[in-house]
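Undergrad: make a model of this:
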Amino acid sequence: MSQKIFLIGLPGSGKTTMGLDLAVDLGLQFVDLDQDIEKAEKCSIKEIFEGKGEAHFRQLEKLHLEKIMAELDSFVMATGGGTPCFFNNLELMKKAGTVIYINTPIGKIEERLKNDSSRPLMKSNTLEQLLKQRKEWYDQADHTIQAYKEILEIF
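TA: Next comes the predicted model:
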């Protein structure tokens, strides 16, 4: 049986860390959407934003999301923080599988990201601003969790 699990949430919320753990626990392939884009483009997300802008990045993101969904039958995917907020990405993810919003407290994320300069939208936005902009999409997830043990209760 095919199983597609999409993890959404703010930058630094734990999508990659929890996604790797969940993939191991469920015996599924793990995909990090941002890493997939970086590998294909042979440059960092930060460089894509700086060189070609956010609109170009969002097009790449949609393209890679659709490609992975078509190529792989089962996976756990850590999406980019903004992935569900553009085009019909959230709708595609919800039709294909299970969407889980990792609702990590902002204070915890700030602690994790305090020395991280690789996140392009964090230069011009606070986490509070990003959450305010994205909450309506995040709230449409099939499940909302704060801790990894809550994911295990879903599956």
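
Undergrad: please make it C-alpha for all contacts and neighbour counts, starting now.
TA: OK.

Undergrad: ok, for the residue nearest the centre of the chain, nearest residue in space, not its chain neighbours?
TA: Nearest residue to the geometric centre of the chain (C-alpha atoms, centre = their mean): Thr79, 2.1 Å. Sequence neighbours aside, Leu33 is the residue nearest to Thr79 in space, at 5.2 Å (criterion: C-alpha to C-alpha, 6 or more residues apart in numbering).

Undergrad: low-confidence regions, this protein specifically.
TA: 122 (pLDDT under 70).

Undergrad: for it, which segments count as helices?
TA: All helices of the chain, identified by DSSP state H, fall at 15-26, 33-41, 45-71, 89-96, 106-113, 127-138, 148-154.

Undergrad: show me what the longest one is packed up against.
TA: Just to be clear, that refers to helix 45-71. helix 33-41, helix 89-96 (3 or more C-alpha pairs under 8 Å, 6 or more residues apart in numbering; DSSP states H and E).

Undergrad: hang on, the earlier thing: what about the residue nearest to Thr79, distance to Gly97?
TA: 16 Å (C-alpha to C-alpha, to the nearest Å).

Undergrad: now do the contacts for Met18.
TA: Tyr148 (C-alpha atoms under 8 Å, 6 or more residues apart in numbering).

Undergrad: circling back: turn the helices of the chain into CSV, columns for distance to Gly9.
TA: Formatted as CSV, the helices of the chain follow (distance: least, C-alpha to C-alpha, whole Å):
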stretch, distance to Gly9
helix 15-26, 7
helix 33-41, 13
helix 45-71, 15
helix 89-96, 12
helix 106-113, 11
helix 127-138, 7
helix 148-154, 14
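
Undergrad: out of those helices, which comes closest to Ser2?
TA: Among the helices of the chain, the nearest to Ser2 by C-alpha to C-alpha is helix 89-96 (9.5 Å).

Undergrad: dump the closest one to PDB, restricted to CA.
TA: C-alpha atoms of helix 89-96 as PDB (Å, rounded to 0.1, in the frame of the first residue of the first chain):
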ATOM      1  CA  ASN A  89       0.600  22.400  -3.300                       C
ATOM      2  CA  LEU A  90      -1.400  21.800  -0.100                       C
ATOM      3  CA  GLU A  91      -4.400  20.500  -2.100                       C
ATOM      4  CA  LEU A  92      -2.000  18.100  -4.000                       C
ATOM      5  CA  MET A  93      -0.400  16.900  -0.800                       C
ATOM      6  CA  LYS A  94      -3.700  16.300   0.900                       C
ATOM      7  CA  LYS A  95      -5.100  14.300  -2.100                       C
ATOM      8  CA  ALA A  96      -2.000  12.200  -2.300                       C
END
